[in-house]
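Colleague: heads up, no residue letters with this:
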Ligand code: GDP
Ligand code: MN
């Protein structure tokens, strides 16, 4: 789960990671009140959306006085911000962060993320931080320091030294910078993060670090352990269909293809997406209705697939175990009757009560295409959406 910069900075403060003074505002009046409270310019106005590259898109602006602050806040609040990371449709800005502007001398990059391959937490750092970090990473990978930490052993002093020597931190400043790296590591582990990134991490006039930007992604599967972090969820930033699916306890992820699919069990869902691709088509979603799905859940899942206007055909692939084929068939028939289904529907069904299930489908009077097996179903649906 992604969170906003102002929320990430709230977490930073809890861990004594230095961030500029500031606060969030949803209206012009709140923005002015925050500016007056901070009492002094220059201030910076920052659009709060779940995407980076805001600086490039015009979502980060410096204000030298109250008039400028007002005009920047007015412009940014409510704008549809397009950045290299939002896609052409952009994102609606509902919040701005008003902060004391930092006097930026040098911009560093510092991030932590899990590396599945080595089963470590990787600390990445670079003295070439700032808005061109992606290009720097591609063109000059040697500008990055990578330090791998075994999570079972935890962060050791030699890891910190490797990072700080790499950034050429002045000896007199080592203590503060060490504390920063240690605090970031603790924040990362204690909150089950999947990413913590500071870009730019600014080195102030005194040589101390200051996190001018903050990006955190939390592991959604670990959120149940963090009651205090759940309030950071912003459903405005989520795919509306994914948010709706979560309400019904459906495991749904929207993808960019045109074959909608409904499957019970995550493993079978993965296999189904593979076989759709092998048949030359692209899945429009991942949808696992779960082993214990009810007819109602099938119906809800169906409605969600159909609200995705990219879907040109649907592949229902069910192995009836706990979810019996007759229950599933009833759910499908009800759903098709309720929703206005205008796309072809291919069904492959095996397992408990499959004969009853097939009979329910056949007797329904609906135009459903049944398949012999998975490969046959995938070929049929791929042909129909082609
Ligand atoms: P991003 O583009 O979404 O990553 O947003 P950032 O928070 O990183 O801001 C983009 C850029 O704006 C930074 O790389 C800085 O160059 C600049 N910037 C942001 N905050 C300040 C600030 O307080 N002072 C100054 N001088 N520049 C800032
Ligand atoms: Mn940034």
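Modeller: Okay, I see it. Since the model is a prediction, treat every value here as computed from it, not as a measurement. Numbering: from 1, shown residues only. Ligands and ions are numbered 1, 2, ... in the order given.
Colleague: can you check the pLDDT for residue 150?
Modeller: pLDDT for residue 150: 98.
Colleague: dump the residue contacts of it.
Modeller: The contact partners of residue 150, by Cβ atoms under 8 Å, 6 or more residues apart in numbering, come to 119, 120. C-betas here are computed from N, CA, C, even on glycine.
Colleague: residue 30 now?
Modeller: Contacts of residue 30 (Cβ under 8 Å, 6+ apart): none.
Colleague: from residue 54, how far out is it?
Modeller: 19 Å (Cβ to Cβ, to the nearest Å).
Colleague: ditto for residue 349
Modeller: Noted for residue 349: a distance of 48 Å to residue 54, by Cβ to Cβ.
Colleague: got it, and residue 380?
Modeller: Residue 380 sits 45 Å away from residue 54 when distances are taken as Cβ to Cβ.
Colleague: so the two - more neighbours on which side?
Modeller: A count of neighbours by other Cβ atoms under 10 Å puts residue 54 above the other of residue 380 and residue 54, at 25 against 20.
Colleague: which ones are touching that one?
Modeller: Residue 54 is in contact with 46, 47, 60, 81, 83, counting by Cβ under 8 Å, 6+ apart.
Colleague: who's in contact with the residue nearest to residue 250 when sequence neighbours are not counted?
Modeller: In space, and not counting its chain neighbours, residue 250 is closest to residue 301: 5.3 Å by Cβ to Cβ, 6 or more residues apart in numbering. Listed by Cβ under 8 Å, 6+ apart, the contact partners of residue 301 are 245, 248, 250, 252, 262, 287, 289, 293.
Colleague: check which helix or strand covers the fourth one.
Modeller: In this structure, residue 252 is located in strand 251-254 according to DSSP states H and E.
Colleague: so which elements touch that strand?
Modeller: The contact analysis (3 or more Cβ pairs under 8 Å, 6 or more residues apart in numbering; DSSP states H and E) places strand 251-254 against helix 240-247, strand 285-288.
Colleague: wait, which of the ones you listed is closest to ligand 2?
Modeller: helix 240-247 (25.3 Å; Cβ to the ion).
Colleague: what is the closest one packed up against?
Modeller: On a contact count with 3+ Cβ pairs under 8 Å, 6+ apart, helix 240-247 meets strand 251-254, helix 295-307.
Colleague: average pLDDT across the lengthiest helix in the chain?
Modeller: The single longest helix within the chain, with elements called by DSSP state H, is helix 174-190. Regarding helix 174-190, the rounded mean pLDDT is 97.
Colleague: so which elements touch that helix?
Modeller: Looks like helix 174-190 contacts helix 5-14, strand 106-115, strand 120-126, helix 157-166, strand 193-203, strand 209-211 (3+ Cβ pairs under 8 Å, 6+ apart).
Colleague: would JSON lines of these with distance to residue 187 be doable?
Modeller: Compiled in JSON lines, the helices and strands packed on helix 174-190 are given as follows (distance: least, Cβ to Cβ, whole Å):
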{"stretch": "helix 5-14", "distance to residue 187": "6"}
{"stretch": "strand 106-115", "distance to residue 187": "9"}
{"stretch": "strand 120-126", "distance to residue 187": "12"}
{"stretch": "helix 157-166", "distance to residue 187": "15"}
{"stretch": "strand 193-203", "distance to residue 187": "6"}
{"stretch": "strand 209-211", "distance to residue 187": "11"}
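Colleague: so can I have CSV of those showing mean neighbour count?
Modeller: Shown next, in CSV, are these (neighbours: other Cβ atoms under 10 Å):
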stretch, mean neighbour count
helix 5-14, 20
strand 106-115, 19
strand 120-126, 21
helix 157-166, 16
strand 193-203, 22
strand 209-211, 22
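Colleague: select, out of the ones you listed, the one closest to residue 323.
Modeller: Closest to residue 323 of the helices and strands packed on helix 174-190, according to Cβ to Cβ: strand 193-203, at 30.9 Å.
Colleague: so what's the residue count around residue 227?
Modeller: 8.
Colleague: residue 325 too?
Modeller: Residue 325 has 24 nearby residues by other Cβ under 10 Å.
Colleague: not counting its neighbours along the chain, what's nearest it?
Modeller: residue 357 is the one closest to residue 325 (Cβ to Cβ, 6+ apart), at 3.0 Å.
Colleague: what's the pLDDT at the one you found?
Modeller: According to the model, residue 357 scores 92 on pLDDT.
Colleague: ok, it - contacts?
Modeller: Contacts of residue 357 (Cβ under 8 Å, 6+ apart): 320, 324, 325, 326, 328, 329, 349.
Colleague: how about residue 29, secondary structure?
Modeller: Using DSSP: H, G, I helix; E, B strand; the rest coil, the secondary structure recorded for residue 29 is helix.
Colleague: dihedrals phi and psi, the closest residue to ligand 1 within the chain?
Modeller: Residue nearest to ligand 1 within the chain: residue 55 (2.8 Å; Cβ to the nearest ligand atom). Phi and psi for residue 55, reported as degrees, to the nearest 10, are phi -60, psi -50.
Colleague: that one contacts residue 133, correct?
Modeller: No - between residue 55 and residue 133 there is no contact under Cβ atoms under 8 Å: 11.2 Å.
Colleague: got the residues of the stretch 201-350 of the chain near ligand 2?
Modeller: Within the stretch 201-350 of the chain, the positions adjacent to ligand 2 are residue 213 by Cβ under 5 Å from the ion.
Colleague: before we move on, back to that, looking at residue 55 and residue 133, which has the bigger crowd around it?
Modeller: Neighbours per residue, other Cβ under 10 Å: of residue 55 and residue 133, the larger number sits with residue 133, 20 against 16.
Colleague: residue contacts, that one?
Modeller: 109, 126, 199.
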